[in-house]
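Student: what would the 3D arrangement of this be:
(chains A and B)
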Amino acid sequence: MPGRNEPVPPQRPGLDISMSTLRDSIERHARYSQAQPWESLSTRQMFECVSLALRDLLIDRRLETERRYRHADAKQLCYVSIEYLLGRLLANNLSNLGIYDLCRETLRHMGADLDLIEECEPDAALGNGGLGRLAACFLDSLATLDMPSYGYGINYEYGLFRQDIDNGYQKEKPDNWLAFGTPWEIERSGEACLVPLYGRVEDGVDRSGQYNPMWLDWQLLIGVPHDVPVVGYGGRTVNLLRLFSARSSRNFDMQIFNTGDYLRAVEQKIASETISKVLYPSDAVPPGQELRFVQEYFLVACTLRDIVNRYEKAHGTLDAFPTKVAIHLNDTHPALAVAELMRILVDERNLPWGRAWDITQSTMAYTNHTLLSEALEKWPVPLLERVVPRHLQIIYEINQRFLTEVACVWPGDQGRVQRMSIVEEGPSKQVRMAHLSMVGSHSINGVSVLHSRLVQTTLARDFHDLWPDRFSNKTNGVTPRRWLLQANPLLARLIRRTIGEGWITDLDKIRALEPYAGDSAFRQEFLAAKRANKERLARLISETTSVRVDPASLFDVQVKRIHEYKRQLLNVMQIVFEYLRLVEDGVHPAVPRTYIFAGKAAPGYRAAKHIIKVICNVAATINNDQRVKGQLKVVFIPDFRVSLAETVIPGADLSEQISTAGSEASGTGNMKLAMNGALTIGTLDGATIEILEAVGAENIFIFGLTAEQVQAWRNCGTYRPRDLVSGDRRLKRIVDALASDRFCPKEPGLFRSIFESLLDQGDPYFHIADLPAYIDAQDRVAKEFERPPAWVSKAILNVARIGRFSSDRTIREYANDVWGIASVPESSGQG
Amino acid sequence: MEIVFDKVGDLTVAAVPVEELDASNAGEFKRDVAPLLEANTKLVLDLSRLHFVDSSGLGAFISCLRKLNASGGDIKLCGMSKQVRGVFELVRLHRVFDICATIEEAVHAFGPKDS
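Tutor: Numbers count the residues shown, from 1 in each chain, chains lettered A, B, ... in the order given. Alright, predicted model coming up:
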């Protein structure tokens, strides 16, 4: 076992910059960007200056990176995602550049506090949840691995809503994250692209008499790119995230303006710019609104135009396109990219259909992120006909050729043809975006072993039968730079001191911590770090909810989007059980426990918003019941976001991953929490199954139905939750209490319908079926937590065995198996 | 708008006199180019001043083409900026119009001059 206190030289020293150089740069921005002396700046202005000074460094590195990629003529990945949940960037950029401590010290000499400056930065919340945060983790890994890549997205003016809790009810407030601008974005007006939409297609012939459909009478949007530099750990590589803002094609119609109707003149401008105004606050419930569809098309049109322009500038004709470009569709939101690339190749570049199709299919790859039917995008044909008439024609052509292939493979199997068709026939015809994505891609993957299997055996079974080789699994991952090194500096410092720094860029090396699980001195230090993180979290809870919690209690954390399948209600039911046992039976919990919830419900998702109300009311009842004497506390922290997660996750003892088996595609919160030494209580769902395999059954609390059992219940239709409740005293007591007015005395009857419908409407997420096993598992948790040395050993082993859940591993798999891209490290670009 | 033109043999070479041709002035262009279409069957349109064209502007060009085609004539476009060319490609109009790099090339593309 290596000595813990031996200093280990940093693997990547980061940027070579002195304090005085950094100070000069910050002061220069105070003078020339803010036009004020440093001493008179507000903290917000200081944030601007520090960020701009940092941006200068990033731009230098970006230019070098670009030169290196160009010299290597490297294949590039273009990752297309409707969401990026970046969070704050200042600390992340400082940390990845390797100058976090230097900057803190520089600012101290300048009379400023980096912590306060960091707090000024609004989260860039251009996403809802896991899908967007995954995209952000991937960008970090791609840059850290020196892989040539662009992220493409939308520069939403308003990010995900800000969540206030008012009397237990979620209230949504606008999140105008760009109100003061952002120092990180570089506007590239010179690279703006034109996006036609609406209009009609007129059949005609070209000059040689060939059929030539012309897209006429369209309106025009302008997509203006804004580049956000993404620096990898060590500061060697800076990739770009390119976000498009929508602008109208003209400032406003001068003719209307000249007639004196100013309002009508700006109307069109406003309508155009609405396209990038607001992030849709749900990725699970299709809003069915035209704006969302136009957003998706806008993203795709801008992205493809940018990619093709860049490619042609470097390579000329498009023949070798797939050897230099890989396009990845992060879920189906960018699925129109298949039709858009075909349109460019066939309409604009005159390629024959077959050649264009080969290029398109060889370039595109698609990740499926959900099996939930309500989250599988389908758009009405009339909508496409109105917004993108030429694309609809192309989709019909793709579909017709594809179904001919299906009919050849399975002659006479009309059922299969109907099931596989991109266009769903019926009273209202719809385009199935998942089918378009699968047909147009050479690679299709799920995001955990279970999910990928379910994709292949249920959702896309016919497609898997047709093209088994196109399917694979790429289990999600998270970046250890953001989620351990930056979010948990105390634990990161202990790990660095103990096993060195290799784990930061090669998380498998964190396994070297394993022997320390049995080392009592190390355990003490680990425990001390956890305790300090819990104290930090307790302060945050007190500040945001006015509830004081005991850092010595077990911090039981469920933080994620609020959704029925994630089963926050299951957690609540177990809490009520504990509470009733305490106040009615006098049975004290084995350990005092603080239940911590956070998460946003989509504004239009009534059931999810009700769940928040249930949590808050149960919390109020328990927290104010003198008989509880602090043995139980329940808190709902408002406005969950990346920066909040960075405080909550390091302070967690227990990670709740209790979705109905077969529902969660992967989850990434499960990985972040285990990486920070929380033990998981969870079902056999998503990547939690792989966490079980990695950390060992003795270091995790697994309970409940398997995906197969859930499916069997669903198939046989004999699941009767009311019968189960009637036959189990514990369950009846919980449901009766929640359905009564006990937790809603001021709003009688408020929760009755929730819990009665759970019993009468079949409990589609199997709360009742899993509740007894969950209660038993929670009892096992409490017993384990009573024995701190054993608990801490398990926590250490969770950290030590988390290596495979680094997004670096995921990215390497995609790079090798799907994208065909390679690292272009610093040494390779010389010459 | 005033459309300046030259005669080169039996061809008419005219220039689009604006930088932007869109909903605000496409109608005016159509009106003012109409006399040229009445009097000529072979038209070269020089677009070198044009920086931006929208669907109304394209509609005006299509209208010119159709009128000339109806009377057995043709139109050739030249001097297109990259951006304007991009708009034509976007909607497949580059296959409908004969697009030449320069006036000379466009004139040459009409074949031998009658005088």
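
Student: the residue of chain B at minimum distance from chain A: neighbour count?
Tutor: Among the residues of chain B, B:R95 lies closest to chain A, at 3.6 Å counting by CB to the nearest CB. From N, CA and C alone the C-beta is placed, and that goes for glycine too. Counted with other CB atoms under 10 Å in any protein chain shown, residues neighbouring B:R95 total 20.

Student: near chain A, which residues of chain B show up?
Tutor: Residues of chain B lying near chain A by CB under 8 Å from any CB of the partner chain: B:20, B:22-24, B:52, B:54-55, B:58-59, B:62, B:83, B:86-87, B:89-98.

Student: redo that, cut-off 10 Å
Tutor: By the rule CB under 10 Å from any CB of the partner chain, the part of chain B lying against chain A is B:20, B:22-25, B:27-28, B:52-56, B:58-59, B:62, B:74, B:83, B:86-98.

Student: what residues are up against the residue lying closest to A:R349 once chain neighbours are set aside?
Tutor: Distance criterion CB to CB, 6 or more residues apart in numbering or on different chains; nearest residue to A:R349, sequence neighbours excluded, is A:L318 at 5.9 Å. Going by CB atoms under 10 Å, 6 or more residues apart in numbering or on different chains, A:L318 touches A:308, A:311-312, A:324-325, A:341, A:344-345, A:348-349, A:351, A:355-356, A:359, A:363.

Student: could you tell me how far A:L318 is located from A:D358?
Tutor: 11 Å (CB to CB, to the nearest Å).

Student: next one: stretch A:747-762 to chain centre, how far?
Tutor: With CA atoms, centre = their mean, to the nearest Å as the basis, stretch A:747-762 stands 32 Å off its chain's centre.

Student: and the strands in chain B, which stretches?
Tutor: B:5-8, B:11-15, B:20-21, B:42-46, B:52-53, B:74-78, B:98-100 (DSSP state E).

Student: centre of the chain to the fifth one, how far?
Tutor: Here the centre of strand B:52-53 is set off from its chain's centre by 13 Å, with CA atoms, centre = their mean.

Student: helices or strands up against that strand?
Tutor: Contact analysis of strand B:52-53 by 3 or more CB pairs under 10 Å, 6 or more residues apart in numbering or on different chains; DSSP states H and E lists strand B:20-21, helix B:55-70, helix B:82-90 as its packing neighbours.

Student: picking that back up, these two touch, right, the residue of chain B closest to chain A and A:R349?
Tutor: No: look at B:R95 against A:R349 with CB atoms under 10 Å: they stay out of range, at 11.4 Å.

Student: what sits in contact with each of the two?
Tutor: Shared contacts of B:R95 and A:R349 (CB under 10 Å, 6+ apart): B:E89.

Student: what's the pLDDT at the residue nearest to A:S443 when sequence neighbours are not counted?
Tutor: Computed as CB to CB, 6+ apart, the closest residue to A:S443 that is not its neighbour in sequence is A:A365, at 4.0 Å. Listed pLDDT for A:A365 reads 98.

Student: so A:A365: helix, strand or coil?
Tutor: Look at A:A365: counting by DSSP: H, G, I helix; E, B strand; the rest coil, its state is strand.

Student: contacting residues for B:G79?
Tutor: B:15-16, B:44-50, B:99-103, B:105-106.

Student: and if we set it to 8 Å?
Tutor: B:D46, B:L47, B:S48, B:A101, B:T102, B:I103 (CB atoms under 8 Å, 6 or more residues apart in numbering or on different chains).

Student: cool, A:R470 as well?
Tutor: By CB under 8 Å, 6+ apart, the residues touching A:R470 are A:M438, A:S441, A:H442, A:S443, A:I444, A:F463.

Student: burial measure for the last one, as a count.
Tutor: Spelled out, it's A:F463. By other CB under 10 Å, the residues close to A:F463 number 21.

Student: ok, it to chain B distance?
Tutor: 32 Å (CB to the nearest CB, to the nearest Å).

Student: hmm, that residue is touching A:L436, no?
Tutor: No: if you go by CB atoms under 8 Å, A:F463 and A:L436 don't touch, sitting 11.7 Å apart.

Student: picking up where we left off before, surely the residue of chain B closest to chain A meets A:Y211?
Tutor: No: if you go by CB under 8 Å, B:R95 and A:Y211 don't touch, sitting 10.3 Å apart.

Student: tell me, how many neighbours does B:M1 end up with?
Tutor: 12.

Student: near chain B, which residues of chain A show up?
Tutor: Within chain A, the residues that sit near chain B (CB under 8 Å from any CB) are A:194, A:196, A:199, A:204, A:206-207, A:210, A:212-220, A:249-250, A:253-255, A:347-348, A:350, A:390.
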